[in-house]
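Asks: How does the following fold in three dimensions:
(one chain, ligands or ions: 1)
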Amino acid sequence: MPDDVTPATPTPALALRGLWRRFGPKIAVAGIDLTVPAGSFYGLVGPNGAGKTTTISMSTGLLQPDAGQVLVHGRDLWADPVAVKRTLGVLPDGVKLFDRLTGEQLITYAGLLHGLDRDTVAGRSRELLTAFDLVDDARTLVVDYSAGMTKKVALACALVHAPNLLVLDEPFEAVDPVSAANIRDILASYVRGGGTVVVSSHVMDLVQRMCDHVAVVARGQVLAAGPVEQVRGDGSLEDRFVELVGGRVAAEGFAWLRTSSD
Ligand SMILES: Nc1ncnc2c1ncn2[C@@H]1O[C@H](COP(=O)(O)OP(=O)(O)OP(=O)(O)O)[C@@H](O)[C@H]1O
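Replies: Here you go, the predicted structure:
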């Protein structure tokens, strides 16, 4: 290669540039910049109310930013949301599913919406129901699912069209340990196959073990971001998180909570 030619920088799977969002007087996201490399397993961590869900919603076409840009594999999401959203799989937080459908119908519906043919959807739906241990409840209405089962069927819907970027808000919340391990395996194999995962979580240990990159967000801003090893330094991710975010309170007080009389 001639000396004056620098190698092209690979296009990130997701690039957030100067994202802002306010709800009335509350600034939820205050100028977030984030670069998620293609093929990475990216954790998004932060205290309650940090702006993770708002950031994820803006990054997946669910909530319009007040300012800033979202680039998915280099394409401006908000300039062409319908086309770009086809390449995305999203597990939103607390969004209502069509819960009068059975689990199998819901996955089928998601697949057909993405333009898959019926045979393809049927095959993938069977595989997903098996992987998420939902075969016995495939014909149960989603309204009758437990919180963890609902999370798993929503994740199956996010995967059915084989997106190349998966953005998951708290995918392990309410999920039992065996199912969580299965989900981790599915996501790890998805990343090995060239996909990119962005996942928000409050479980530092899980993020440390599962992700190769992490961003710590607080008060609507990124406090640290990069490879997990780099962000956590010599300590654990949890120690680094507490150091960056603060907010630990002394365990004294609450005398009225002590139940013993001595
Ligand atoms: N629809 C809304 N209307 C008003 N305020 C909102 C709305 N959505 C979020 N907020 C506020 O924006 C801030 C960021 O909320 P967000 O849900 O993005 O945080 P989070 O990091 O996902 O929190 P958690 O970890 O608790 O889920 C919070 O102060 C929240 O109260």
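Asks: Between the two ends of stretch 196-215, how far is it?
Replies: 15 Å (CA to CA, to the nearest Å).
Asks: Would you pull up how far it lies from the middle of the chain?
Replies: 9 Å (CA atoms, centre = their mean, to the nearest Å).
Asks: List the buried residues for it?
Replies: Using 16 or more other CB atoms under 10 Å as the test for burial, stretch 196-215 gives 196-201, 203-204, 206-208, 210-211, 213-215. (Each C-beta comes from the backbone N, C-alpha and C, glycine too.)
Asks: how close does Val217 get to the ligand?
Replies: For Val217, the distance to the ligand equals 7 Å [CB to the nearest ligand atom, to the nearest Å].
Asks: For that residue, give me the backbone phi and psi.
Replies: Per-residue torsions, Val217: phi -120, psi 140 (degrees, to the nearest 10).
Asks: Please name the residues that touch the closest residue to the ligand within the stretch 101-250 of the chain.
Replies: Residue nearest to the ligand within the stretch 101-250 of the chain: His202 (6.4 Å; CB to the nearest ligand atom). His202 sits next to Val45, Glu170 when contact means CB atoms under 8 Å, 6 or more residues apart in numbering.
Asks: next one: Ala110
Replies: Taking CB under 8 Å, 6+ apart as the criterion, Ala110 is in contact with Ala156, Cys157, Ala158, Val160, His161.
Asks: Please, which helix or strand holds it?
Replies: helix 103-113 (DSSP states H and E).
Asks: Pull the most distant pair out of the buried residues of stretch 196-215.
Replies: Thr196 and Met204 (21.2 Å; CB to CB).
Asks: Could you list the contact residues of the stretch 51-200 of the chain toward the ligand?
Replies: Within the stretch 51-200 of the chain, the positions lying close to the ligand (CB under 6 Å from any ligand atom) are Gly51, Lys52, Thr53, Thr54.
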